[in-house]
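Chemist: model the structure of this input:
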Amino acid sequence: MLRRNLDLLHSPLEGVWVISTDVFDTLLLRQPRSQRSRVMEGEQRFAQLLREQGLRANIEELLQARLAAEKLAYRALNVGGGIGEVRLTDIVERQLAMLGLPGALRDKRIDIEIAIEKNSLFANGDLAMALRRHRQVGLRIVAVSDTALGADRLSELINYFHGPGLVDAIYSSAELLASKRSGLLFSAVLASEKISAARLLHIGDDELADHAVPHKMGIQTIHVPKGRLRRFAAKADGARSETVRGIRRRLLPSGRRRISILEDQTSFGREVFGPIVAQFCLNIWLYARQAEAQGATLAFCARGGIGIRQAFEHLLTRLGLPLSLRRDNILVSRLVAARIALEARSPAVLDELGREFARNSFAEVATFLGGGQYLLPDAWDARFSAARFFDMLDTPAGRPVLDDVIEQNSFFRRHLDTFSDVKDRVILCDTGLYGSTQRLLAAGMPERRFETIQFARCNYKGLSEEHFGELSGLIVEDNLYNPFKVETVILRYWHIIERLFEPSVPSVRMLSLRQDGLVEGNCGNISYGKIDASSGNPLLAGVLEYIHDLDDGAQVIRDVPAAWVRLKQAITNPSALDVLALGAGLRSVDFGRSDTISVLNRADKAGIAQQLKSVKSHLWREAAIARDFPRLKSALLPVLELAHILRGVSARFQR
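Modeler: Residues are numbered from 1 along each chain as shown. Predicted coordinates:
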């Protein structure tokens with residue numbers, strides 16, 4: 001297929017003035033090596049260079065930092081609409097900053113990357129020969145690449161394999177911050193070459209970036225896709241590399257800290273949640289660093305975002321991590337977001353209201369949403385039905401409710417305008433899971449660009465996942481607990497994450513306008529520094545102690561695996577101390593309601609059958625079993641674990 005398509009170059013090209021060629025897998029072909037194996041080799045060489053300079057060098061730490069920096073950079077880029085590009089210089093700079101290594105090592109690390117590329121590529125001689133023939137008759141030849149490398153590095157590689165003089169210009173997405181897949185890089189080529197789209201012929205392997213996008217712009221294309229055998233060989237090489245990596249991690253000394261005996265909630269927060277929260281904060285930083293060039297604002301949602309920001313800012317200061325992105329705490333909640341979607345008559349709000357208020361009346365829902373006291377006809381005392389709610393609001397009795405909703409929305413829009421322009425990316429930062437706030441705000445304010453980063457993403461509600469493209473779980477993205485992914489254990493007892501970050505302030509229910517024109521909420525002033533989320537919260541206080549003692553992000557990478565194992569033990573097979581550290585307290589029902597529920601209900605003194613049946617009523621079932629059945633817990637907890645495993649397996653087979 002490659003030769004058949006390239007045969008088109010053997011004839012004169014009528015009307016073509018410039019030929020553009022993709023670089024990787026087109027002008028330069030790859031040996032059957034995966035990107036993962038190339039990166040792993042690069043970190044091995046880099047570790048050797050660090051050791052020669054007397055610096056700490058752990059291959060696994062280097063690799064994890066590099067992979068996290070790359071993954072979250074591309075995630076932020078794609079969620080932001082693919083405008084711009086991920087640059088290798090940025091990835092390496094973030095990797096070095098995380099690990100506390102000198103920034104001056106950046107270029108040496110990139111030199112290693114180029115050296116590995118020279119050993120992993122080979123020249124596409126047939127294409128080069130055809131291009132040279134057309135160049136001899138006066139056509140310009142340019143290289144156009146979606147890549148993390150700058151034009152100077154691309155030139156080095158092209159000249160290494162093909163010699164100088166093959167191409168007249170190089171257009172790199174990393175340098176121009178415009179990609180082929182968005183079409184903007186082709187626009188830049190056309191503008192620079194001063195030609196119309198019809199005068200350009202582009203050659204490349206990618207179906208979207210090298211064919212569909214330019215073809216839609218009126219550019220002629222020759223598509224030369226990789227063969228299935230080459231794709232399979234690259235995947236096999238990647239699997240082999242991961243296997244070798246896993247064996248090495250088990251055989252080599254890890255240098256990870258063992259968790260000491262935990263004595264109280266503060267020590268649990270420091271030793272267990274400390275590394276986990278630090279990992280979360282590092283991921284926020286990596287995502288935000290990529291987004292900051294695009295006019296973005298990082299908005300920490302009340303209430304959980306207040307505690308997250310306190311840990312995040314503490315980590316930035318402690319590790320000296322740069323971030324110029326604007327950060328603000330935002331007066332938002334599911335209730336506030338629901339009002340926005342309600343005014344827009346979005347079906348998304350009916351999903352949420354129907355799920356939250358199935359046992360309430362229309363009148364009660366009106367009170368929660370409007371925030372006032374209303375004289376409503378008897379019909380509003382009927383059981384709430386989401387399908388009828390819009391019609392109820394359109395009645396004369398519903399108009400005062402809707403007016404109050406609209407007024408509350410005007411306050412929220414005013415609040416939002418104080419720290420972000422309508423064209424800005426607003427990156428909400430919250431705890432998780434389903435992202436109702438993201439879904440409702442995006443549905444109600446389509447003129448704005450909302451996205452959300454949170455600790456975990458999970459569709460436990462079984463509702464639409466249409467908004468998941470703009471919703472990122474920076475630690476967990478799974479719908480069910482998976483025993484082979486230790487981080488998913490948090491889905492077994494999610495409420496502990498909310499409790500960890502939320503300060504003792506009310507949820508945002510009502511907004512009002514101050515005399516100075518600023519908007520305030522019933523929760524009081526939640527600006528950064530006004531509330532200490534760790535006050536009365538020994539778990540978060542322990543987290544801040546851990547961050548305060550950090551030397552660099554490498555320490556987090558070393559500490560976090562043991563922390564997750566210990567947290568899994570605490571959740572799935574809790575000791576008396578674990579129950580005390582994680583299980584006390586009340587959780588807010590929220591969504592405009594002041595109701596609370598206990599994490600653990602009072603022990604049921606009924607018969608054993610009734611006690612077992614009541615386990616389902618607890619937010620943390622494993623703790624209820626450990627408390628109420630101390631003699632049977634060694635038998636009951638494995639049964640519960642097996643039930644979770646079978647549920648996960650069944651769900652995967654049903655997909």
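Chemist: what ranges does the stretch 401-550 of the chain have for its helices?
Modeler: Taking DSSP state H, counting those that start in this stretch to define them, one finds helices in the stretch 401-550 of the chain at 436-444, 495-501, 538-548.
Chemist: the last one packs against which elements?
Modeler: Contact partners of helix 538-548 among helices and strands, from 3 or more CB pairs under 8 Å, 6 or more residues apart in numbering; DSSP states H and E: helix 265-268, helix 274-291, helix 304-319, helix 495-501. In this view, the C-beta of every residue, glycine as well, is placed from N, C-alpha and C.
Chemist: any idea which helix or strand in the chain has the lowest mean pLDDT?
Modeler: helix 2-6 (a mean of 51; mean pLDDT, DSSP states H and E).
Chemist: by contact count, what packs against the helix or strand following that helix?
Modeler: The first helix or strand that comes after helix 2-6 along the chain, using DSSP states H and E, is strand 18-21. Judged by 3+ CB pairs under 8 Å, 6+ apart, strand 18-21 is in contact with helix 125-136, strand 140-145, helix 184-193, strand 200-204.
Chemist: switch the cut-off to 10 Å
Modeler: helix 125-136, strand 140-145, strand 169-172, helix 184-193, strand 200-204, strand 220-223 (3 or more CB pairs under 10 Å, 6 or more residues apart in numbering; DSSP states H and E).
Chemist: tell me which of those is the most buried.
Modeler: strand 200-204 (a mean of 25; mean count of other CB atoms under 10 Å).
Chemist: the helix or strand just after that one packs against which elements?
Modeler: Counting by DSSP H and E, the next helix or strand C-terminal to strand 200-204 is helix 213-216. Applying 3+ CB pairs under 10 Å, 6+ apart, one finds that helix 213-216 contacts helix 184-193, strand 200-204, strand 220-223.
Chemist: centre of the chain to stretch 563-574, how far?
Modeler: 24 Å (CA atoms, centre = their mean, to the nearest Å).
Chemist: please put the alpha-carbon coordinates of that stretch into CSV.
Modeler: Only the C-alpha atoms of stretch 563-574 are listed here, as CSV (Å, rounded to 0.1, in the frame of the first residue of the first chain):
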residue,chain,number,x,y,z
ALA,A,563,0.5,4.5,51.4
TRP,A,564,-2.0,3.0,48.9
VAL,A,565,-1.5,-0.5,50.2
ARG,A,566,-2.0,0.7,53.8
LEU,A,567,-5.2,2.6,52.8
LYS,A,568,-6.5,-0.4,51.1
GLN,A,569,-5.9,-2.5,54.2
ALA,A,570,-7.6,0.2,56.3
ILE,A,571,-10.7,0.3,54.1
THR,A,572,-11.2,-3.4,53.2
ASN,A,573,-10.0,-4.9,56.5
PRO,A,574,-10.1,-2.2,59.1
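Chemist: next, the buried residues of that stretch.
Modeler: For stretch 563-574, a neighbour-count test (16 or more other CB atoms under 10 Å) marks 563-564, 566-568, 570-574 as buried.
Chemist: which one of these is nearest to Ala363?
Modeler: Taking CB to CB as the measure, Ala363 lies nearest Ile571 of the buried residues of stretch 563-574, at 39.8 Å.
Chemist: next, the angle from the strand or helix carrying that closest one to helix 538-548.
Modeler: Assigned by DSSP H and E, Ile571 falls within helix 553-572. Per axes from the mean of the first three to the mean of the last three CA atoms, to 10 degrees, the angle that helix 553-572 makes with helix 538-548 is 160 degrees.
Chemist: okay, the helices of the stretch 401-550 of the chain in TSV with mean pLDDT next?
Modeler: Converted to TSV, these look like this (pLDDT from 0 to 100):
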stretch	mean pLDDT
helix 436-444	96
helix 495-501	93
helix 538-548	97
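Chemist: now those helices in a markdown table, with distance to Leu474?
Modeler: Shown next, in a markdown table, are the helices of the stretch 401-550 of the chain (distance: least, CB to CB, whole Å):
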| stretch | distance to Leu474 |
| --- | --- |
| helix 436-444 | 14 |
| helix 495-501 | 12 |
| helix 538-548 | 16 |
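Chemist: scan this structure for its longest strand.
Modeler: strand 449-457 (DSSP state E).
Chemist: that one packs against which elements?
Modeler: The contact analysis (3+ CB pairs under 10 Å, 6+ apart) places strand 449-457 against helix 59-79, helix 274-291, strand 296-301, helix 304-319, strand 425-430, helix 436-444, strand 471-477, helix 495-501.
Chemist: do you know which of those lies nearest Arg334?
Modeler: helix 436-444 (5.0 Å).
Chemist: next, the contact list for the residue lying farthest from the centre of the chain, please.
Modeler: No residue in the chain sits farther from the centre than Val137, which is 50.0 Å out by CA atoms, centre = their mean. Val137 is in contact with 12-13, counting by CB atoms under 10 Å, 6 or more residues apart in numbering.
Chemist: cool, the one 10 residues further on as well?
Modeler: When contacts are counted by CB under 10 Å, 6+ apart, Thr147 touches 22-24, 85-88, 153-154, 157, 172-175, 179-180.
Chemist: between the residues you listed, which is closest to Pro506?
Modeler: Proximity of those to Pro506 (CB to CB) peaks at Val86, which lies at 40.7 Å.
Chemist: my reading is that the closest one is in a helix; is that accurate?
Modeler: No - using DSSP: H, G, I helix; E, B strand; the rest coil, the assignment for Val86 is coil, not a helix.
Chemist: for the spatially closest residue to it that is not a sequence neighbour, give its distance to Glu292.
Modeler: Closest residue in space to Val86, ignoring its immediate chain neighbours: Ala73 at 4.5 Å, by CB to CB, 6 or more residues apart in numbering. From Ala73 across to Glu292, the span is 12 Å (CB to CB, to the nearest Å).
Chemist: what does Glu113 give?
Modeler: 24 Å.
Chemist: ditto for Ala191
Modeler: Counting by CB to CB, the separation of Ala191 from Glu292 is 26 Å.
Chemist: now Ala115
Modeler: 31 Å.
Chemist: more neighbours: those two, which one.
Modeler: Glu292 (19 against 13; other CB atoms under 10 Å).
Chemist: got a pLDDT number for the more buried one?
Modeler: With respect to pLDDT, Glu292 has a value of 91.
Chemist: for it, which non-adjacent residue is closest in space?
Modeler: Closest residue to Glu292 apart from its sequence neighbours, by CB to CB, 6+ apart: Leu325 at 3.8 Å.
Chemist: with Leu139 instead?
Modeler: Ile19 (5.7 Å).
Chemist: swap in Ser575?
Modeler: Using CB to CB, 6+ apart and skipping the chain neighbours, the partner closest in space to Ser575 is Ala626 (7.5 Å).
Chemist: show the contacting residues for that neighbour.
Modeler: Contacts for Ala626 (CB under 10 Å, 6+ apart) come out as 573-576, 578-579, 583, 600, 620, 632-634, 636-637.
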